[in-house]
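Asker: Below is the structure, and that's it, no one-letter string:
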């Protein structure tokens, strides 16, 4: 398995653990938005939304540019791609294990059937 920066993955998974931040990322997948636009669907203050944005930014999931008083946020896919590679490793692992279990069970069923015919 390719070694990943554990601290970076921890920050990504921590950021993704919150449903508000996941919703913000979903909105950013459609394009750039201001912090105020990201906060609009939620019953939260601008300061609370800014804290969520800071967590996402710290995890490398978004970048922010400032124009005057407006902070524009843009989705950054690289951190998500790293998390996806980490998850994909375990998906392949468990798929292989489940395939091996299926093979063993089928062998067992065939042996059982042969014995019962005798």
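Answerer: Ah, there it is. For clarity, every value in this text was computed on a predicted model and none was experimentally measured.
Asker: quick one: low-confidence ranges for the protein?
Answerer: Residue ranges of the chain with pLDDT under 70: 1-4, 118.
Asker: hey, where'd the strands end up in it?
Answerer: Under the criterion DSSP state E, the chain carries strands at the ranges 33-34, 62-67, 70-75.
Asker: what's the most buried one of these?
Answerer: Mean neighbour count, computed with mean count of other C-beta atoms under 10 Å, is highest for strand 33-34 among those, reaching a mean of 18. (C-beta placed from N, C-alpha, C; glycine too.)
Asker: just to revisit the earlier point, can I get the strands of the chain in CSV with distance to residue 21?
Answerer: What follows is the strands of the chain, written out as CSV (distance: least, C-beta to C-beta, whole Å):
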stretch, distance to residue 21
strand 33-34, 13
strand 62-67, 10
strand 70-75, 12
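Asker: do you know which of these lies nearest residue 94?
Answerer: Using C-beta to C-beta as the measure, strand 70-75 is the one of the strands of the chain that comes nearest residue 94, at 28.5 Å.
Asker: List the contacts of the closest one.
Answerer: Contacts to strand 70-75, defined as C-beta atoms under 8 Å, 6 or more residues apart in numbering, come from residues 24-25, 28-29, 32-36, 38, 50, 53, 56-57, 61-66.
Asker: how about a cut-off of 6 Å?
Answerer: The contact list for strand 70-75 (C-beta atoms under 6 Å, 6 or more residues apart in numbering) reads 28, 29, 32, 33, 34, 35, 62, 63, 64, 65.
Asker: Farthest pair within the residues you listed?
Answerer: 29 and 65, at 17.7 Å, using C-beta to C-beta across the contacts of strand 70-75.
Asker: can you pull the contacts of residue 32?
Answerer: Taking C-beta under 6 Å, 6+ apart as the contact definition, residue 32 lies against 72, 74.
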